[in-house]
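**Student:** Any chance you can model this:
(chains A, B and C)
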Amino acid sequence: MMKINEEVSLETVVGKAASLLFSEYRFVTMTTVDCDEYFDIYYHFDKNYELYTLRLKVEKPGVVPSISKACFAALIIENEIQDLFGITFTGLVVDYEKHFLLAPDAPEKPFCHVPGVKITTVDSPAAKKDEVAK
Amino acid sequence: MSMIVPFGPQHPVLPEPLQLRLEIVDETVVSALPVIGYVHRGLERLAEQKDFQQDTYLIEHICGICSFMHSTTYCTGIEEIMNIEIPERAKYLRVAWSEMHRIHSHLLALGLLADAFGFESLFYQIWRTREHIMDAMEYTTGGRVMLSAACVGGVRKDINEEQKQFVLEKLALIEAEFKEEAHVLLDDYTVKARTVGVGVLDAKTAYERGAVGPTARASGLKMDHRMTGYFAYDKLDFEPVVENDCDAYARTKVRIREVFQSIDLIRQALSALPDTPLKTAFKGNPNGEAAVRAEQPRGEVIYYLKGNGTDKLARCRVRTPTFANVAPMLHMLNGCSLANVGVIVLSVDPCISCTER
Amino acid sequence: MKIVVMLKTLLFNLLKGPVTRKYPYEERPPFPGERGVILMPDESKCIYCGICARKCPSNALTVTRTPEKEWKYERFRCILCGACVEACPKKCLEFGDRKK
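**Tutor:** Purely as a prediction, here's the structure:
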């Protein structure tokens, strides 16, 4: 089971991340989870093979201060989250403007859960061909 | 006056589509900006649509090089959520196949590095050696790269006595052949001229920018997630390979030493195979969240998994080692000459399919 | 300083001849247990339960019971993981030679 070491808010997240990095923690990654009503953003840090996780709860659609000024490595993952979840990070060192992973004509925020819409997997083309034949 | 040179996505030294926008003044790179997204497939999202046992095979297809390690790490995560203790034999087999993948990945990376500085006969020679390990994987599981040997609760395939002998024979061949090739990579004058002092990444920057795997270990950071003793690594005897030169030569050296270390680890694991069943039976669906890490050939991978009590996962997030190594790579590129960009990029051993998922 | 470290290997390669096979004329037999293609050798054994189709991660299998009993395998969708072979209650699926 994952341990969440600390809850942070939009005001404290940058300061907390910077103080962790100052005390020789290594930035591992960030994870965003779409919890339907809100987003959970986890900040994972590591020291001596121990994971230290911060959790930030963000209301949709989400505007979050970027930690990329304190930690350059966060830049890439923050740009990815911008693409996939449509969360806006303010103060990014390099902003790809939501087209880091996605092409200009790609669907917007493809990883977000849309209420009432369910993605179904495509059936085998062989089965489809039969249906048409019938 | 500076100008922008696009490096990739189609470039002779790049095995995978990565574009680097290099800002150059004369022949020197001033800054680099990565442009990715050519092979983004949205596998994380697709994993939420399939049931968690099907995901094992789906996750395996994230990467064509460390496929088995992706699926085992994913299985470890599910096992952690569901409190499944896997049998001892499965742990040793997971180690054996993981280390086979490490050999295969490192040989591939070293071959491509040789190609990047224009030593093609060395490239062919190393890839020829790599065929031995591919044969060993094919004989033991039935697939050359996609082993499909991991499953939640253990492993699906076994290594019997005959296969074990085959693997050991192949390992002896690799050891003998690779000694010659390692000698060329480490001692040849022309090779050293291209790698020594190129792409320097000091320990402090490596740590701050979150470097992992051989990139971090070549900068003198003793960071190897196998030391935490997941699977059966706690029962095997090994030490992380650390080099202090911080350049492309040191990263090559780390990979070369890790190949020999992996050969030793496979021998240890296969000689100590306990006689237990391969799988633990389990019931139910995962409910809860877990973050698991494992050491892949390129570094530490982290899986964040969240189950909601149904057979489908609520979230499956993968941070692959190359993703963490992009930021250190940008640092190495600053101030290098344009001719060295290929060598530096391949000394990090980027896997873009992994990165974009 | 060493310049000719590769020379030994090169001379050896020159004298030994090619290591590759002349493929269409000379073939390496597949390893036992090679996952080449999924086959159902005896269709009368199949009970059309559809477990294989449900376990398949890539939707390569379709099983229909009505109006006609049919087991369909789409080879180009298949990722050869073997989940169906393992799950089949009647053990009527197996891996075969990839050339079939």
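**Student:** helices and strands around the strand or helix carrying residue C:15, which ones?
**Tutor:** If you go by DSSP states H and E, residue C:15 is part of helix C:7-16. Here helix C:7-16 touches helix B:120-141, helix B:161-187, going by 3 or more C-beta pairs under 8 Å, 6 or more residues apart in numbering or on different chains; DSSP states H and E. Quick note: C-beta positions are derived from backbone N, CA and C, even for glycine.
**Student:** quick one: which of these is nearest residue B:316?
**Tutor:** Shortest separation from residue B:316 across those is recorded for helix B:120-141, at 23.8 Å, computed as C-beta to C-beta.
**Student:** just how off-centre is the closest one within its chain?
**Tutor:** From the chain centre to the centre of helix B:120-141 is a distance of 16 Å (C-alpha atoms, centre = their mean, to the nearest Å).
**Student:** can you map out the strands along chain C?
**Tutor:** Under the criterion DSSP state E, chain C contains strands at C:37-39, C:61-64, C:70-73, C:94-96.
**Student:** ok so, going back, could you pull out the buried residues of the helix holding residue C:15?
**Tutor:** C:9, C:13 (16 or more other C-beta atoms under 10 Å in any protein chain shown).
**Student:** Also compute the angle for it relative to helix B:161-187, please.
**Tutor:** Counting by axes from the mean of the first three to the mean of the last three C-alpha atoms, to 10 degrees, helix C:7-16 lies at 130 degrees to helix B:161-187.
**Student:** Could you list the low-pLDDT ranges of the chain?
**Tutor:** You didn't pick a chain, so chain A it is. Chain A contains residues with pLDDT under 70 at A:1, A:115-134.
**Student:** think we crossed wires, I meant chain C
**Tutor:** Those would be C:1-3, C:100, if you go by pLDDT under 70 across chain C.
**Student:** How about the contacts made by the most centrally placed residue in chain B?
**Tutor:** Centroid check for chain B by C-alpha atoms, centre = their mean gives residue B:297 as the closest residue, at 2.6 Å. By C-beta atoms under 8 Å, 6 or more residues apart in numbering or on different chains, the residues touching residue B:297 are B:65, B:66, B:69, B:101, B:102, B:105, B:106, B:109, B:213, B:214, B:258, B:349.
**Student:** which non-adjacent residue is nearest residue B:97?
**Tutor:** residue B:68 (5.0 Å; C-beta to C-beta, 6 or more residues apart in numbering or on different chains).
**Student:** how many neighbours does that neighbour have?
**Tutor:** Residue B:68: 27 surrounding residues under other C-beta atoms under 10 Å in any protein chain shown.
**Student:** do the same with residue C:36
**Tutor:** 14.
**Student:** List phi and psi for the closest residue to it other than its chain neighbours.
**Tutor:** Excluding its sequence neighbours, the residue lying closest to residue C:36 (C-beta to C-beta, 6+ apart) is residue C:98, at 3.1 Å. Per-residue torsions, residue C:98: phi -70, psi -20 (degrees, to the nearest 10).
**Student:** shouldn't residue C:98 be in contact with residue C:39?
**Tutor:** No: counting by C-beta atoms under 8 Å, residue C:98 stays clear of residue C:39, with 10.7 Å between them.
**Student:** Tell me the spacing between residue C:60 and residue B:173.
**Tutor:** 36 Å (C-beta to C-beta, to the nearest Å).
**Student:** okay, those two: which has more neighbours?
**Tutor:** Between residue C:60 and residue B:173, counted using other C-beta under 10 Å, the more crowded position is residue C:60 (22 against 16).
**Student:** give the contact list for the most centrally placed residue in chain C.
**Tutor:** Chain C has residue C:36 as the residue nearest its centroid, 1.7 Å off, counting by C-alpha atoms, centre = their mean. Counting by C-beta under 8 Å, 6+ apart, residue C:36 makes contact with C:30, C:80, C:95, C:96, C:97, C:98, C:99, C:100.
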